[in-house]
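Student: predicted model and sequence follow; I will ask about them next.
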2 protein chains.
Amino acid sequence: MVASVLDGKACASSVEESLSPRIDNCIKSGITPHLAVVIVGDDPASHVYVNAKIRACNRLRIKSSHIQLPESALEIELREVIENLNHDVEVHGILIQSPLPNHMNEEALTDLIDPRKDVDGFHPVNLGRLVQSRQDSLIPCTPNGVMRLLDWAKIPTAGKTALVVGRSRNVGMPMAILLASRGADATVTIAHSRTSEIKAQCQQADILVAAVGRPNMIKKSWIKSGAVVIDVGINRVDDASDSRGYVLIGDVEKSTSEIASWITPVPGGVGPMTVAMLMENTVKAAESKIQW
Amino acid sequence: MVASVLDGKACASSVEESLSPRIDNCIKSGITPHLAVVIVGDDPASHVYVNAKIRACNRLRIKSSHIQLPESALEIELREVIENLNHDVEVHGILIQSPLPNHMNEEALTDLIDPRKDVDGFHPVNLGRLVQSRQDSLIPCTPNGVMRLLDWAKIPTAGKTALVVGRSRNVGMPMAILLASRGADATVTIAHSRTSEIKAQCQQADILVAAVGRPNMIKKSWIKSGAVVIDVGINRVDDASDSRGYVLIGDVEKSTSEIASWITPVPGGVGPMTVAMLMENTVKAAESKIQW
């Protein structure tokens, strides 16, 4: 078997297409969707991500503001930025690019964002609504993107066994909740660094989502034949032969495509979906401001 | 093998003992912990639960208020009750006994409770903080009680496979999150009505938590030898031979005790733990009012 490619770029394009008339409608109603992206310091990967987000805004006629603070900025300065954005009626989405410098308390700063503008979906109110399976939450972009990709490729999840490897608050945990929720209806297992038989767990999974952040951690020999493999990992690995000096490697061995039924490429799989869901959350936040 | 009994009554007593000096300290600081319980209508099981909670308050010198509304009360009346309790500086915990009448929107009413007084732990802010593994959340009482019971009996969870049967927002989902979180470190599977091979799932579980609400749904033959069995179900089943006209039956067949290593009785297992965790949440909410 050679796996079909779960083409995140193509799916993201179709999401962007579906957003276009919604954005038209906002603009006609006098509301131009507006995303503010805040970045602190000079992490090169962060700048790549932020640029991709701003390019997507430009394609879609979503207004974007890019606020750059130096690595040495004080937490109180970032707090002031967030509070100003919360109060700015022309801003609909606020994104604080992770990671923040070590001297800042990322959790406390996320708490400060108005949940209605929390287009990353990381605020406890939005995570809690996810546990409640509510429609009025802003869902974290990466797990939401994975769900959309499965849906787009018409991959059924109901009654399937799904394994989520990784239990981060922003990806693994919400991913497991979404897959287990009514409508998706998968039987979901959450595995992590303390899981004793990770290989055996992988071998049972009809759907495997890897969100660990360790290059090639999951081996081809661990994968059930015909499984659907979603690789959330985008790991920079030094490579002198590459003109950038690094290559991007997923959490799953590439040769897994020889045994899976579907697999996401890295890059071009989950990454573009994350950006597309960010755009969708921004539009959703803007739409909530239209007076009917 | 005959399973040891996971004695929820004994564990709850030890929790109450540990709360006693904390309550003394509150009272010395001029703050008497105070739980307000609101009940709407005449559901007989609800009245039994509310009475158990009020008796626990009395044992512990926690002040309790019991607010009774008729089945016919309007949602707006309950809203007013909640808002008054939110503003009452002498009330530290607010509990709306479930179920509410069908004409009320339970979710919208839960949203209305001040999260700092949400001793049930059902508000999205508290559920979201649970996803974030935070210390400043009020954790839903039943899953928190299960974790405490395991800890009390020195039953290790790290690296174990745990199966949670049931995905309710207030029990199953938070239970899975707690078991998978750092510190507990179980490899957790969430099963539900759409799970295709529930028997096979049960047979693999070192720790099984049943939270379905269907009497005797989980069979002895499904249980792995030596497993730890936690039965959250408390189902009323008509029984003319019983003086009350009903008996209480768990979600798990009683004979499972012949094969498990540990098992919670029904009643006397998880039930008392739920009440004890409610008392602990009330004390925690009161303590946060002490001026240091």
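Tutor: The structure has been received and is ready for your questions. The shown structure was predicted, so the numbers you read here are calculated from the model rather than taken from an experiment.

Student: who in the stretch 1-150 of chain A is up against chain B?
Tutor: With C-beta under 8 Å from any C-beta of the partner chain as the criterion, the stretch 1-150 of chain A meets chain B at residues A:107, A:123-134, A:137. Where C-beta positions appear, they are placed from N, C-alpha and C, glycine not excepted.

Student: drop anything exposed from these.
Tutor: Buried members of the residues of the stretch 1-150 of chain A next to chain B, scored by 16 or more other C-beta atoms under 10 Å in any protein chain shown, are A:123-133, A:137.

Student: just flag the most distant two among those residues.
Tutor: Within these, A:His123 and A:Ser133 form the most distant pair, 17.2 Å apart (C-beta to C-beta).

Student: how about CSV for the residues of the stretch 1-150 of chain A next to chain B, with distance to B:Ala260 added?
Tutor: Shown next, in CSV, are these (distance: C-beta to C-beta, whole Å):
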residue, distance to B:Ala260
A:Glu107, 39
A:His123, 41
A:Pro124, 36
A:Val125, 39
A:Asn126, 39
A:Leu127, 34
A:Gly128, 33
A:Arg129, 36
A:Leu130, 33
A:Val131, 29
A:Gln132, 32
A:Ser133, 32
A:Arg134, 36
A:Ser137, 38
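
Student: tell me which two of those sit farthest apart.
Tutor: Maximum distance among the residues of the stretch 1-150 of chain A next to chain B (C-beta to C-beta): 23.9 Å, for A:Glu107 and A:Ser133.

Student: is A:Arg236 located within a strand, as I assumed?
Tutor: Yes. Counting by DSSP: H, G, I helix; E, B strand; the rest coil, A:Arg236 is part of a strand.

Student: quick check: it vs A:Pro215, distance?
Tutor: To A:Pro215, A:Arg236 is 9 Å away according to C-beta to C-beta, to the nearest Å.

Student: just the element for A:His103, please.
Tutor: Counting by DSSP states H and E, no helix or strand carries A:His103.

Student: surely it and A:Ala73 touch.
Tutor: No. With contact defined as C-beta atoms under 8 Å, A:His103 and A:Ala73 do not form a contacting pair (9.3 Å).

Student: higher neighbour count, those two?
Tutor: A count of neighbours by other C-beta atoms under 10 Å in any protein chain shown puts A:Ala73 above the other of A:His103 and A:Ala73, at 17 against 10.

Student: excluding its backbone neighbours, what's nearest that one?
Tutor: The shortest distance from A:Ala73 to any non-neighbouring residue, by C-beta to C-beta, 6 or more residues apart in numbering or on different chains, is to A:Val40 (5.7 Å).

Student: just the C-alpha atoms of the helix or strand hosting A:Glu83, please, in PDB.
Tutor: Here A:Glu83, judged by DSSP H and E, is contained in helix A:75-87. Extracted as PDB, the C-alpha positions of helix A:75-87 are listed here (Å, rounded to 0.1, in the frame of the first residue of the first chain):
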ATOM      1  CA  GLU A  75       5.800  41.500  31.100                       C
ATOM      2  CA  ILE A  76       4.000  44.600  32.100                       C
ATOM      3  CA  GLU A  77       4.600  46.100  28.600                       C
ATOM      4  CA  LEU A  78       3.100  43.000  26.900                       C
ATOM      5  CA  ARG A  79       0.200  43.300  29.300                       C
ATOM      6  CA  GLU A  80      -0.400  46.800  28.300                       C
ATOM      7  CA  VAL A  81      -0.300  45.800  24.600                       C
ATOM      8  CA  ILE A  82      -2.900  43.000  25.200                       C
ATOM      9  CA  GLU A  83      -5.200  45.400  27.200                       C
ATOM     10  CA  ASN A  84      -5.100  48.000  24.400                       C
ATOM     11  CA  LEU A  85      -5.900  45.300  21.800                       C
ATOM     12  CA  ASN A  86      -8.800  44.000  24.000                       C
ATOM     13  CA  HIS A  87     -10.300  47.500  24.100                       C
END
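
Student: using CSV, write down the CA coordinates of whichever helix or strand comes after it.
Tutor: Moving toward the C-terminus from helix A:75-87, the next helix or strand (DSSP H and E) is strand A:93-96. Provided in CSV are the C-alpha atoms of strand A:93-96 (Å, rounded to 0.1, in the frame of the first residue of the first chain):
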residue,chain,number,x,y,z
GLY,A,93,-8.4,38.6,16.9
ILE,A,94,-5.3,38.7,19.1
LEU,A,95,-2.5,36.2,18.7
ILE,A,96,0.6,36.1,21.0
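
Student: which residues touch strand A:93-96?
Tutor: A:33-38, A:40, A:53, A:78, A:82, A:85-86, A:106, A:109-110, A:113-114, A:117-120, A:278, A:281-282, A:285-286 (C-beta atoms under 8 Å, 6 or more residues apart in numbering or on different chains).

Student: what about the strands in chain A?
Tutor: A:4-5, A:34-40, A:63-69, A:93-96, A:161-165, A:187-191, A:207-210, A:228-231, A:235-238, A:246-249, A:262-263 (DSSP state E).

Student: can I get those in a markdown table with distance to B:Arg182?
Tutor: As requested, the strands of chain A are arranged in a markdown table below (distance: least, C-beta to C-beta, whole Å):
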| stretch | distance to B:Arg182 |
| --- | --- |
| strand A:4-5 | 35 |
| strand A:34-40 | 26 |
| strand A:63-69 | 30 |
| strand A:93-96 | 23 |
| strand A:161-165 | 15 |
| strand A:187-191 | 12 |
| strand A:207-210 | 19 |
| strand A:228-231 | 23 |
| strand A:235-238 | 22 |
| strand A:246-249 | 26 |
| strand A:262-263 | 30 |
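
Student: beta partners for the residue nearest to A:Ala73?
Tutor: Note on A:Val40: beta-bridge partners A:Leu69, judged by DSSP bridges.

Student: flag every residue of the stretch 151-292 of chain A that's near chain B.
Tutor: A:158-160, A:167, A:169, A:173-174, A:176-177, A:180-182, A:185, A:187-192, A:194-196, A:201.

Student: and the gap between the residue nearest to A:Ala73 and A:Ile113?
Tutor: A:Val40 is 14 Å from A:Ile113, by C-beta to C-beta.

Student: over to A:Pro124?
Tutor: Using C-beta to C-beta, we find A:Pro124 at a distance of 11 Å from A:Ile113.

Student: look up how far A:Glu17 lies from the nearest residue to A:Gln291 once chain neighbours are set aside.
Tutor: In space, A:Gln291 comes closest to A:Ser29 once its chain neighbours are excluded; the distance is 7.7 Å by C-beta to C-beta, 6+ apart. A:Ser29 sits 20 Å away from A:Glu17, going by C-beta to C-beta.

Student: more crowded one of these two?
Tutor: For A:Ser29 versus A:Glu17, neighbours defined as other C-beta under 10 Å are more numerous around A:Ser29 (14 against 10).

Student: my read: the more buried one touches A:Ile290, true?
Tutor: Yes. Using C-beta under 8 Å, A:Ser29 is in contact with A:Ile290, at 4.7 Å.

Student: before we move on, the earlier item: these two touch, right, the residue nearest to A:Ala73 and A:His103?
Tutor: No. With contact defined as C-beta under 8 Å, A:Val40 and A:His103 do not form a contacting pair (10.2 Å).
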